[in-house]
Each structure stands twice: as structure tokens, then as C-alpha cells.
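> Output the structure for:
(one chain, ligands or ions: 1)
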Amino acid sequence: MQLDAKIPAGPLAQKWDRHRFELKLVNPANKRKFDIIVVGTGLAGGAASASLAELGYNVKTFCIQDSPRRAHSIAAQGGINAAKNYTNEGDSIWRLFYDTVKGGDFRAREANVYRLAQISNNIIDQCVAQGVPFARDYGGLLANRSFGGAQVSRTFYARGQTGQQLLLGAYSALMRQVGLGKVQMFPRREMLDLVVANGQARGIVVRNLITGQIETHAAHAVVLCTGGYGNVFFLSTNAMASNVSASFKAYKRGAYFANPCFTQIHPTCIPVHGTYQSKLTLMSESLRNDGRVWVPQKPGDNRSPQQIPEDERDYYLESKYPSFGNLVPRDVASRNAKEQCDMGKGVGETKLAVYLDFADAIKRDGREAIERKYGNLFQMYEKITGEDPYETPMMIYPAVHYTMGGLWVDYNLMSTIDGLFVLGEANFSDHGANRLGASALMQGLADGYFVIPYTIGGYIARTSFGSVTPDTAAFKDTAREASDRIEKLLSINGKRTVDDFHRQLGQIMWDYCGMARNNQGLEKARGMIQELRAEFWQNAVVPGDDKDFNQSLERAGRVADFMEFAELMVIDALARQESCGGHFNEAYQTEENEAKRDDENFCHVAAWSHTGPDKEPEFHKEPLIFENVELTQRSYK
Ligand SMILES: Cc1cc2nc3c(=O)[nH]c(=O)nc-3n(C[C@H](O)[C@H](O)[C@H](O)COP(=O)(O)OP(=O)(O)OC[C@H]3O[C@@H](n4cnc5c(N)ncnc54)[C@H](O)[C@@H]3O)c2cc1C
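Alright, predicted model coming up:
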């Protein structure tokens, strides 16, 4: 299949306006004749459901949690970018566009990123109108702070709870439509498969997580907003329920998966502290506005931080990257932390940590000012570690946080299956090989509030739909396959818990497909994953039955998908013989240990299609054409 990104013609700055004009429209009175399924109620799904219902479509919205408000988006801390230039520092749509393309190491589509930067400003207006309580400066104007990979302050925030406040905004808009009867809300439903009829996405199969009942739902289009797959690593900062299953099932039904190996390892997380830990905690990047990262100069220095004098500390980011200092992008900061620890300069019990020190900021601005900006984050850190970060530097280490890869989508956010749209973290679209901080919230809301309302109309207006109902064969067959799989999981009757398998899978991925990769390790990981997967289907134990609330069964289904998907990540990492952003193959690095791209051979999106069980996936290439930005070696010095 030829991958056509459907990028509109014309100058970059005019593409979106022109495209919106050229898209066919659905008459307002006709919109009520069309049903749309939205899976997911994070920022992308919440915004999409509310906006589509507001337009008049009949929307059915699904989520795993008991309330849409519990989507993983609620955890987002630091902020959301927009090119408002309120700080008068010289920001612009062009600068946000350029920073994002460069931050992603030139592996994202120019047209999508430019549109994202354009829309960023509308998002802030929309959220303010909804009552999102963004921080304000002393004059009452919206305040901004800095995030990595930018030399302007363009991040809007609500303390360390930006995701929560934005999600409450989207949730209010969604619930208004529920009240008006335009959105039918289905909480506690897990999508188990996608129904494709006559080549079009026409519905989904879900399991009611309370009663265990399998349900089918039909519509004219399906919008997946099911978030990222970082939990393939077991330990990550993602919510426990975050998974790849919906995307992976769509992949198996014909949607291409793009750049699955592009994972973001966030530099500022609370370090791993034990074997039985199941979750990692992010310390927002916003902390690097005021916190200074350092390690002792001497390897193996076991003194407490207070005992190490200033001239025996190495503020390695500040010295190595004087222009961006502690606010280098995440991939760069993470790799440098690993490098310091590999040199024996790590701190804390495990020696897999570096300091994030606020002493200077507190001295300069006062404790109260720091508390105002980051109070809840400091409190969270103290609760988890038992140490007071106002007195002792935080200890941080990189952890899996976000996935840039996802289902391939064209400029309209439509996948390779007609009528299947993918939004938010679940698609691959805008961040290339490394996402800049505060850009995921921006993308999720851009997709949901401002892109899909137009592009889905364009699809519906030009498509003829045959009649399908849940009695159509495609629905019955797909539902039967979902039930068979559940039965298979319940009948394994082995001895090892699903979590145990998941933990081992995560360790393999972290060791061989994590912050640094090499071909030998990746080959080895592939074999290990295949062996582990075989053992899973022989020896996993899934207690309980399928007629009830059964979280072990839920987890088993998700881990079974991770077992297959992990191999696709490794295949993708092996195919990309270069380093770029978060994909760091040790064989390809500059003399200064930075990622070394190969633009001649790898300036493309790698999209994979499923060819059948236990068969090699097929590779498809979408060349990336840069007409407005010069491809350079990324430098933050
Ligand atoms: C700790 C943390 C802090 C972050 N802070 C920031 C920040 O400050 N700024 C920023 O820009 N980004 C941040 N991010 C990233 C950002 O939060 C996410 O990328 C973004 O919220 C994802 O939104 P989403 O709508 O795509 O998906 P999610 O919010 O993950 O929502 C996924 C939805 O899909 C549903 N779902 C999933 N699978 C199924 C299924 N099979 N069936 C039914 N429903 C399903 C879930 O129930 C949920 O409703 C942070 C991430 C983390 C982990």
C-alpha cells in the first residue's frame, strides 16, 4: 500500500486554512444522522467527544475507568505549550514549529507540526473560556514558564496539576453533551477489537468490566484516543491501565504502526528503589526551571550532598550545554544522567540517581516563591522518599514516560483503515523521535478540539456507507474471536502470575530497547521476548472467570498484547540503523556522544503492517520532506 500523508499543497503557513476550506462539509441538519465512536476520555478523547457532539453528531464514548476524569491525562503536571509570546521574548508560531521539529530530531512531518503550532494559541483561549485556572502573573495575565528544548517561556500551567485542570475543562464540556443526550457515555468498558466491514472501521467490540459481558457497538467512524504504550516496560510513569491493546488490535486489523521504537525516557523521575515496585513517579520537567542538576566530580563519592563543597560538584548540563543548561530536551538530559552514572558518579543507595538541587533558587527567590510554583510536587516527593526537597536536593533518574510511536495517520488523522481516526498519544504524528516537554497536552487538545471536528466531516461527506448493525457478520465474527481469546487466557492454568511475566518483559525492554540500544542486544531481546511469550501461553495463571469483575483477566489481555508488541518495537529499532532523539543506537553517535542521524537513508517514518500470526511485519516508508527547515545536527550548546 502506498502511504499517502495527504499533506495539502501550498505554502506551509496556509496549508491548514486551505485544507479546511477544501474539505467537504456535512450539512448541520445531516450531522445527526451519523454516529461516531470515541474510545478514550483523556484530553484527546474528551475534547473530541465534546466537540463532535457539539457539532451535532451522535457520539458514543468509552473508557476503562469508572469516570472519564480518571484518564491518564489527569496525571500531567508541568504544562502546555502555546506560541502566545505573552512574555515578549520573541516567540512565534514559526519558533514553536521550529523548536518542535528540531526537538524531534527531524523525524516529524513539517505540515503537521506547523498546524500544531498554529492551533496552540486557540487551545489556550478555549481552555480559559472553560475556566481552566492557569497560573497568572501579578498583573493578572496568564503566566508562563520554560520547558526543555526552548529558549523562550511558552508553557502555560496550573501549578503542578495542569493535566488535571485541563481534563476537568474537557470533562465539563463532555458532560454537558452527556446531559444534552448527544454523548452516550460507556465507562468501565475495554475495547477488545475493532470491527472492519467492507474495508471501513464500523464499530468496536468491548468487554463490560463489571459484568464481563461482551458488547458490540456500530458507528460510521471510530476515533481511537487510547493513549500511549509506555507500560510495555512494566515500570513507567504511565497510569496502571495505560496499554497498547486497542492500537494493537487495530494494527492487526490493518492499521499501520509507525515508529514503534520511539520511546521517551524522562530525565526527572524518582529513582527505582526496590524489586517489588510497580510504578515510577515523574518529577515534572518544570522543576528544571529552578532546580540545578549535579553529581559529585569524583566517582564513588559517598558523602551526603551537603558535605560536598561547590567546587567538587559537577553541574554537567550547565557546563556541557551553556545555552540551554538544565533545560536541554529530555533525550539529551536522560542520556547525560546515564552517562554520569555509568562513570560511577551516580548518587544514593543504588548509585542510579543524580541530584536536582533547589538551594540556589530558594536562596534567590525565597522558599515561598518556590512553594507557590512547585508546592504539590515537593510534597509528593517528600511523601514518596521521606526526604524534604526544600532542605536536601532531590534525587532523580530517567524513566519511561511517553511514546512518540503510534498508529500511522495522515494529515487528517486517519489511519490506513478508512474511517479509523487516531488522536493524542495513540498516534505517531507530531513529535518525531523525541517529544518536547508540554507538547503532548497541546497535541491531544489540538487533535480533539481543533482538527478532528473538520477532518471527520470531510471523510463522512465523501463516503458512502453500507448499512451495518451489530448483527452483521463482521461484528459477530469479531466478537467471537474476542470471546475465544478470553477463554484461552482463562484456560492456561499455569503457575506464574501475569505481573511476573510483565515485569520480566519490562526488564528485557529496559535493558535492550531502552535508553541505549545496540544491534546485538536487540537481536538477543527479540529471542528473549519470543521465548517469554511462548512461556506466557503455557504457564500464566489467570484466576477467576469472565462473568465478573476480574482485573487479573484485564491485565492478562493487555500483557499478552505487550508480549507481541514488544517484538515489533525491537524489529523497528533494528531496522533503524541510525540514532535520532530517543532512539539511541550506540553504533551511531557523534564524537560528543550525541545521537547521529543518517538523513540519507533514514529520513522517513517507518510504518509496519501486520501480515499474520508469527509472520514478519511488512515495512512501509513515508519519506519526510523538509522544505522549510534545514536538517542540521541538533545542538543545544
Ligand atoms: C506523569 C506524567 C506527567 C505528564 N505531564 C505532562 C505535561 O506536563 N505536559 C504535557 O504536555 N504532557 C505531559 N505528559 C504526557 C501527557 O499526559 C499524555 O501524553 C497525554 O495526557 C495523553 O493523553 P491522551 O488523551 O492521548 O490519552 P490518555 O490520557 O492516556 O487517555 C487514554 C484513554 O483511553 C482509554 N483507553 C485506553 N485503552 C482502552 C481500551 N482498550 N478500551 C477503552 N478505553 C481505553 C483510557 O481509559 C483513557 O480514557 C505527562 C505524562 C505523564 C505520565
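> So Phe619: helix, strand or coil?
When classified by DSSP: H, G, I helix; E, B strand; the rest coil, Phe619 comes out as strand.
> Identify the bridge partners of it.
Trp608 (DSSP bridges).
> Distance-wise, check it relative to the ligand.
26 Å (CB to the nearest ligand atom, to the nearest Å). Heads up, the C-betas are built off the backbone N, CA and C, glycines and all.
> same check, this time on Gln577
28 Å.
> Same question for Asn550.
Distance from Asn550 to the ligand, by CB to the nearest ligand atom: 15 Å.
> same thing with Ile74?
7 Å.
> Share the number of residues neighbouring that residue, please.
21 (other CB atoms under 10 Å).
> Contact partners for it?
Neighbouring residues of Ile74 by CB atoms under 8 Å, 6 or more residues apart in numbering: Gly163, Gln164, Leu167.
> For the last one, identify the helix or strand it belongs to.
So that's Leu167. helix 162-179 (DSSP states H and E).
> Let's verify the nearest residue to Gly291 once chain neighbours are set aside: helix, strand, or coil?
Using CB to CB, 6 or more residues apart in numbering and skipping residues adjacent in sequence, the residue nearest Gly291 is Leu356, 4.2 Å away. Here Leu356 takes the strand state, with states given by three-state DSSP.
> which residues touch Leu356?
Leu356 touches Thr268, Met283, Leu287, Arg288, Gly291, Arg292, Val293, Pro393, Met394, Met395, Ile396, counting by CB under 8 Å, 6+ apart.
> I'd like the average pLDDT over the longest helix along the chain.
The residue-count maximum for a helix in the chain (DSSP state H) belongs to helix 551-575. For helix 551-575, the mean per-residue pLDDT is 98.
> And stretch 195-214, by the same measure?
98.
> tell me which residues in that stretch are buried?
195-197, 200-207, 209, 212, 214 (16 or more other CB atoms under 10 Å).
> near the ligand at all, that stretch?
No: using CB under 6 Å from any ligand atom, stretch 195-214 stays clear of the ligand, coming no nearer than 6.6 Å.
> quick revisit: out of the contacts of Leu356, who's nearest the ligand?
For the contacts of Leu356, the closest approach to the ligand (CB to the nearest ligand atom) belongs to Met283, at 9.2 Å.
> My read is that the closest one contacts Val293, right?
No: look at Met283 against Val293 with CB atoms under 8 Å: they stay out of range, at 11.5 Å.
> Would you mind listing the residues touching both of those two?
Contacts common to Met283 and Val293, judged by CB under 8 Å, 6+ apart, are Leu356, Ile396.
> show me where pLDDT drops low in the stretch 251-400 of the chain?
Along the stretch 251-400 of the chain, the model assigns pLDDT under 70 to no residue.
> Sitting in strands, which of the contacts of Leu356 do you find?
Thr268, Arg292, Val293, Met394, Met395, Ile396 (DSSP state E).
> ok, now which ones touch the closest residue in space to the second one that isn't next to it in sequence?
Closest residue to Arg292 apart from its sequence neighbours, by CB to CB, 6+ apart: Asp357 at 5.0 Å. The contact partners of Asp357, by CB under 8 Å, 6+ apart, come to Gly291, Arg292, Val293, Trp294, Pro305, Pro393, Met394.
> which of those are buried?
Applying 16+ other CB under 10 Å to the contacts of Asp357 flags Gly291, Arg292, Val293, Trp294, Pro305, Pro393, Met394 as buried.
> mind giving me JSON lines with these and columns for distance to the ligand?
What follows is the buried ones among the contacts of Asp357, written out as JSON lines (distance: CB to the nearest ligand atom, whole Å):
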{"residue": "Gly291", "distance to the ligand": "16"}
{"residue": "Arg292", "distance to the ligand": "20"}
{"residue": "Val293", "distance to the ligand": "19"}
{"residue": "Trp294", "distance to the ligand": "24"}
{"residue": "Pro305", "distance to the ligand": "25"}
{"residue": "Pro393", "distance to the ligand": "21"}
{"residue": "Met394", "distance to the ligand": "15"}
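> The residue of the stretch 351-500 of the chain found nearest the ligand: how many residues sit nearby?
Per CB to the nearest ligand atom, Gly424 is where the stretch 351-500 of the chain lies closest to the ligand, at 2.4 Å. Here the number of neighbours of Gly424 (other CB under 10 Å) works out to 32.
> how far away is it from Leu317?
30 Å (CB to CB, to the nearest Å).
> And Phe233, by the same measure?
24 Å.
> quick one: stretch 109-120 near the ligand?
No: applying CB under 6 Å from any ligand atom, one finds stretch 109-120 out of contact with the ligand, separated by at least 11.1 Å.
> contacting residues around that stretch?
5, 7-8, 12-13, 15-16, 81-83, 93-94, 96-97, 100-101, 104, 411, 429-430, 439, 442-443, 446, 450-451, 605, 624-629.
> if we can go back for a sec, as TSV, the buried residues of stretch 195-214 with secondary structure would be great.
Shown next, in TSV, are the buried residues of stretch 195-214 (three-state DSSP):
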residue	secondary structure
Val195	strand
Val196	strand
Ala197	strand
Gln200	strand
Ala201	strand
Arg202	strand
Gly203	strand
Ile204	strand
Val205	strand
Val206	strand
Arg207	strand
Leu209	coil
Gly212	coil
Ile214	strand
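> Let me know the closest of those residues to the ligand.
Val206 (6.6 Å).
> Determine the number of other residues adjacent to the residue nearest to that closest one when sequence neighbours are not counted.
Leaving aside its chain neighbours, Val206 sits nearest to Arg189 (4.2 Å; criterion: CB to CB, 6+ apart). Counted with other CB under 10 Å, the neighbours of Arg189 add up to 23.
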